[in-house]
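> Everything below, folded, please.
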Amino acid sequence: MSTPLTNVRSERVKTVRALSRRSVREKTGRFLAEGPQAVREVVAHHPDRVVDLYVTREAARRHTDIVSAAQAAGVHLHEVSDEVLAALCDTQAPQGLAAVCRVLTASLDDVLATGPRLLVLLTHVRDPGNAGTVIRGADAAGADAVLVSDASVDVFAPKVVRSTAGSLFHLPVVTGLSLQPTFAALRERGVRLLAADGAGTVLLPDCDLTAPHAWVMGNEAWGLDIATRDECDEVVRVPIYGKAESLNLAMAATVCLYASASAQKAAQTG
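This is a model prediction of the structure:
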């Protein structure tokens, strides 16, 4: 590693810290992955996207697997003081590691060319924690990709990246999509559109989840608008058996995705 970086007011620190702003991420095509979980996964799955890896001395001793993998992949490593790492990062507890990465790119055409069977489309999701948790749930459920509309949060924002717990680097995440062309492209490839909404007339256990489909998820506060629901093949409601008024977006998405995964696994083995 290079000579330790200790000056919190250096231009390098200012440049990295600026990646917390969406305008800077869009201009530079870079974002920051913070903490050992995110850094471990991006180094393991996309080392070619890692521009610089910043690590404290203590973290280098504690996470020799990450450091060794990064060195083997030819990643530029920089030792930094605890103060510099804190100045680089958006979170107050970055746990000794942060990586500047090039934005991962995926296209809808590439996803559809693989013949996907399970997708989730975020239409107007604005909360970073919800968006990140949906990506994590989609990864865990074995979804083929996550699709994100142009009206949704930037998935490379620091809180979204942290909320994915590394899943951002495991499956394609297609961003900046306009809804109408996306709906048309999905239909053309035989992917059914299932709107997940509390106004649904179909209960989750009663819909066909074995055929290729995409769960369409709406805004945290107002759900899906009528026009979007009308575009979908079915509007599905997650049943509430207890006294809770509703499920939040990320919880509902995870329930829907796991129901789909279970149905498709059963169909494959049945």
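
> buried sites along the longest helix along the chain?
Criterion DSSP state H: the longest helix present in the chain is helix 249-269. Buried residues in helix 249-269, counted by 16 or more other Cβ atoms under 10 Å: 249-257, 259-261, 263-264. Where C-beta positions appear, they are placed from N, C-alpha and C, glycine not excepted.

> Which strands or helices does it pack on?
strand 118-122, helix 128-140, strand 192-196, strand 213-217 (3 or more Cβ pairs under 8 Å, 6 or more residues apart in numbering; DSSP states H and E).

> Need the residues that contact it.
Residues external to helix 249-269 that are found in contact with it (Cβ atoms under 8 Å, 6 or more residues apart in numbering): 117-118, 120, 125, 127, 129-130, 133-134, 137-138, 140-143, 194, 196, 204-205, 209-210, 213, 215, 217-218, 220, 236, 238, 247.

> Only whichever of the residues you listed are buried, select them in PyMOL.
Entered in PyMOL, the line below selects the buried ones among these, by 16+ other Cβ under 10 Å:
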select buried, resi 117+118+120+125+127+129+130+133+134+137+138+141+143+194+196+204+209+213+215+217+218+220+236+238+247
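
> ok, now which ones touch Pro239?
Leu203, Leu204, Pro205.

> Among these, which ones are in strands?
Mapping those onto strands (DSSP state E) picks out Leu203.

> Might you list the low-confidence residue ranges for the chain?
1-2, 270 (pLDDT under 70).

> can you list the domain ranges for it.
Here the domain parsing of the chain from automatic domain parsing is 11-102, 108-269.

> Reformat these as TSV; add distance to Leu5.
TSV is the format used below for the domains of the chain (distance: least, Cβ to Cβ, whole Å):
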stretch	distance to Leu5
domain 11-102	5
domain 108-269	20
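
> Excluding chain neighbours, what is closest to Leu118?
Counting by Cβ to Cβ, 6 or more residues apart in numbering, Leu118 lies nearest to Ala143, which is 4.6 Å off, once chain neighbours are set aside.

> Let me know the secondary structure of that neighbour.
coil (DSSP: H, G, I helix; E, B strand; the rest coil).
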